[in-house]
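**Q** compute the structure for the input listed below.
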Amino acid sequence: MASQDLPPLTSDRLVSAYNTLLEFDKRELDTLKSEFDSTSVVKTRLFDYTIAQAACVRVGIVVFPGTLDDQDAARAVRLSGANPIPLWHADSSLGNVDAVILPGGFSYGDYLRCGAISRFAPIMEKVVDAARAGMPVLGICNGFQILTETHLLPGALSRNSHQKFICKEQTLSVVNTETSWTSDFEEQQIVTFPLKNGEGRFVADEKTINRLEAEGRVVFRYTDNPNGSIANIAGITNEKGNVVGLMPHPEHAVEAGFGTDDRQSNSFKQGIDGLNIFKSLVAKVIYDDLAPFTGVTSGSVEV
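**A** Residues are numbered from 1 along each chain as shown. Next up, the predicted model:
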């Protein structure tokens, strides 16, 4: 593992952690645990390993004709320590990725309706199969619309109630922290993500809304209601918690100086609430990889 192959932000930490693990290979964790009769020793080594392992997490980012935010999503993935892997809409393989992001934009020009054509792209057959098998999938804005069109998520996104395009910094309440993409948040935490859409109003029939509420599948709610979404719903998840869709853009709030305004400290453009989405995913992938070796939980994995 060469330093030039690692994300620049964390290369020094990753190289150091990797060198540390040359002495204690992951395959020998059970032996290490029995020798010292202490899970703390194992978990210390596992923590070192998770830092190095983050650089090996591969997150596919699907690009359709008209996609706009794929590079923003790729940067967010890199800042979380993982590796973004570009996927083209006509690809017939996911390329051995650990997770998939469907970014924002206007796929296929939003003809017919948002996401209606994208659902038939060759890559989406693979995404649907992988999601149903448990792979983490995130749909942001247009990606959320695509997830509803493929029926990976219920409901639909319709024209904003005021019939106008929205572009603003939007506060949200985190409702569900048990998904593959939200474990790094606190329940009821208030976060700020940019919101930009013309067809972002979440709608569903009463039975679907009641089921989402009863099963705890509402992930984010607007603190106000900028587009008329039913029950202030800004994002939802599937039954397994591996597929999440939301209209606001966490990938635009991941780097100090370029994120949203942090009103808590009155500092300009410091908000990085969105980074927790991508850090949650990295922790989830690492946890799944390490689970057979120890009793760590995804909440205890830090990256």
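
**Q** make sure I117 is actually in contact with S107.
**A** Yes - I117 is within contact range of S107, at 7.0 Å (criterion: Cβ atoms under 8 Å). For the C-beta atoms, the positions are set from N, CA and C on the backbone; glycine is no exception.

**Q** show me how far the one helix or strand D288 maps to is from its chain's centre.
**A** With secondary structure defined by DSSP states H and E, D288 is part of helix 275-290. The chain centroid and the centroid of helix 275-290 are separated by 9 Å, computed with Cα atoms, centre = their mean, to the nearest Å.

**Q** now that helix: mean pLDDT?
**A** Mean pLDDT, helix 275-290: 87.

**Q** how about it: buried residues?
**A** By 16 or more other Cβ atoms under 10 Å, the buried positions in helix 275-290 come out as 275-287, 289-290.

**Q** show me where pLDDT drops low in the stretch 201-303 of the chain?
**A** 262-269, 290-303 (pLDDT under 70).

**Q** at 90 instead, please
**A** Along the stretch 201-303 of the chain, the model assigns pLDDT under 90 to residues 255-271, 283-303.

**Q** all strands for it, in order.
**A** For the stretch 201-303 of the chain, the strands defined by DSSP state E, counting those that start in this stretch occupy 201-203, 218-222, 233-237, 243-246, 260-262, 267-271.

**Q** tabulate these (TSV), appending distance to L94 and mean neighbour count.
**A** Below are these laid out as TSV (distance: least, Cβ to Cβ, whole Å; neighbours: other Cβ atoms under 10 Å):
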stretch	distance to L94	mean neighbour count
strand 201-203	27	22
strand 218-222	23	22
strand 233-237	20	27
strand 243-246	15	28
strand 260-262	31	18
strand 267-271	32	16
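
**Q** can I get these in JSON lines with distance to N83?
**A** Output for the strands of the stretch 201-303 of the chain, formatted as JSON lines (distance: least, Cβ to Cβ, whole Å):
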{"stretch": "strand 201-203", "distance to N83": "32"}
{"stretch": "strand 218-222", "distance to N83": "25"}
{"stretch": "strand 233-237", "distance to N83": "24"}
{"stretch": "strand 243-246", "distance to N83": "20"}
{"stretch": "strand 260-262", "distance to N83": "26"}
{"stretch": "strand 267-271", "distance to N83": "25"}
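
**Q** for I61, which of those is the nearest?
**A** Closest of the strands of the stretch 201-303 of the chain to I61 is strand 243-246, at 15.2 Å (criterion: Cβ to Cβ).

**Q** mind giving me the packing neighbours of the closest one?
**A** strand 137-140, helix 142-149, strand 218-222, strand 233-237 (3 or more Cβ pairs under 8 Å, 6 or more residues apart in numbering; DSSP states H and E).

**Q** and the second one, what's its mean pLDDT?
**A** So the one you mean is helix 142-149. Averaged across helix 142-149, the pLDDT comes to 97.

**Q** can you list contacts of it?
**A** With Cβ atoms under 8 Å, 6 or more residues apart in numbering as the test, helix 142-149 has contacts from 62, 67, 101-107, 110, 114-116, 118-119, 124, 137, 139, 153-157, 199, 235, 243, 245-247.

**Q** shaky segments in the stretch 1-150 of the chain?
**A** For the stretch 1-150 of the chain (pLDDT under 90), the answer is 1-57, 81, 95-96, 108-116, 118-119.

**Q** which of the strands of the stretch 201-303 of the chain sits closest to Q188?
**A** With Cβ to Cβ as the criterion, Q188 lies closest to strand 218-222 of those, at 9.8 Å.

**Q** paired strands for that closest one, with orientation please.
**A** In the sheet containing strand 218-222, its partner strands are strand 166-174 (antiparallel), strand 233-237 (antiparallel), by DSSP bridges.

**Q** roughly how far out does that strand sit from the chain middle?
**A** 14 Å.

**Q** then stretch 182-202?
**A** Distance of stretch 182-202 from the chain centroid (Cα atoms, centre = their mean) equals 12 Å.

**Q** measure M247 to A82 for me?
**A** Going from M247 to A82 by Cβ to Cβ, to the nearest Å gives 23 Å.

**Q** which of the two has more neighbours?
**A** Just comparing M247 and A82: by other Cβ atoms under 10 Å the higher neighbour count belongs to M247, 32 against 26.

**Q** for the closest residue to the more buried one other than its chain neighbours, give me its contacts.
**A** Nearest non-adjacent residue to M247, counting by Cβ to Cβ, 6 or more residues apart in numbering: G200, 4.2 Å away. Neighbouring residues of G200 by Cβ under 8 Å, 6+ apart: 141, 157, 160, 166, 226-227, 229, 247.
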